[in-house]
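Student: Sequence below, structure please.
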Amino acid sequence: MIPALAILLPSGPLQAQVDRTLPIRIEADSATLDDNRGISTYRGSVRITQGATEISGDTVTVHTPGRVLERMTAEGQPATLNTLDPQGREVRAEAARMEFLPNEQRMELSGNARVRQGTDEFRGSRITYDLRTATLEARTGDTGRVEAIFTPREQPPAPVEGTP
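Tutor: Numbers count the residues shown, from 1 in each chain. Predicted coordinates:
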């Protein structure tokens, strides 16, 4: 049996602020491109940026049939994603392998996966999060556990009885 944690994220959904109209910039030590198949592979300190969103890894494979981004797979020690949520808080994801499916607005992380939003953190061997619905599912293998860490938000002081 695989333990899982499925959760609707509290106080501010985990939604990346990706403006898909902005250009995508890719930097790497080397690249191979098969334009007929729409597959390009970048190796060595790969850094991909689009607006405030950045993906990095040792190797990133980009699938763009017809010059339309279909999916992106990043592998690294770890591969990382940094972006901002709608409230402007930093969101950071990392794993040995990440697959981003932009049409579904879904990110799948595997291998020591971790997602941080502000001061909250989720860990597991596999994490899937849906950027549209702001839901996250964390799973781990038979011997491990899923971990979620929530930092309490500041609460306004309670009114003192007898004061206006």
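Student: quick one: residue 62 and residue 68 touch, right?
Tutor: No - using C-beta atoms under 8 Å as the test, residue 62 is too far from residue 68 to be in contact (11.2 Å). For the C-beta atoms, the positions are set from N, CA and C on the backbone; glycine is no exception.
Student: More neighbours: those two, which one.
Tutor: Higher neighbour count among residue 62 and residue 68: residue 62, with 23 against 10, using other C-beta atoms under 10 Å.
Student: Next one: residue 41 relative to residue 120, how far apart?
Tutor: Distance from residue 41 to residue 120, counting by C-beta to C-beta, to the nearest Å: 34 Å.
Student: Same check on residue 161?
Tutor: 33 Å.
Student: Those two - which one has more neighbours?
Tutor: residue 120 (19 against 5).
Student: give me the number of residues near residue 97?
Tutor: Close neighbours of residue 97, defined as other C-beta under 10 Å, add up to 19.
Student: Which of the helices or strands spans it?
Tutor: Assigned by DSSP states H and E, residue 97 falls within strand 90-101.
Student: Repeat that for residue 103.
Tutor: Using DSSP H and E, residue 103 maps to neither a helix nor a strand.
Student: which residue sits closest to it in space, ignoring its chain neighbours?
Tutor: Counting by C-beta to C-beta, 6 or more residues apart in numbering, residue 70 is the residue found nearest to residue 103 once chain neighbours are left out, at 7.1 Å.
Student: What pLDDT is listed against the one you found?
Tutor: We have a pLDDT of 91 for residue 70.
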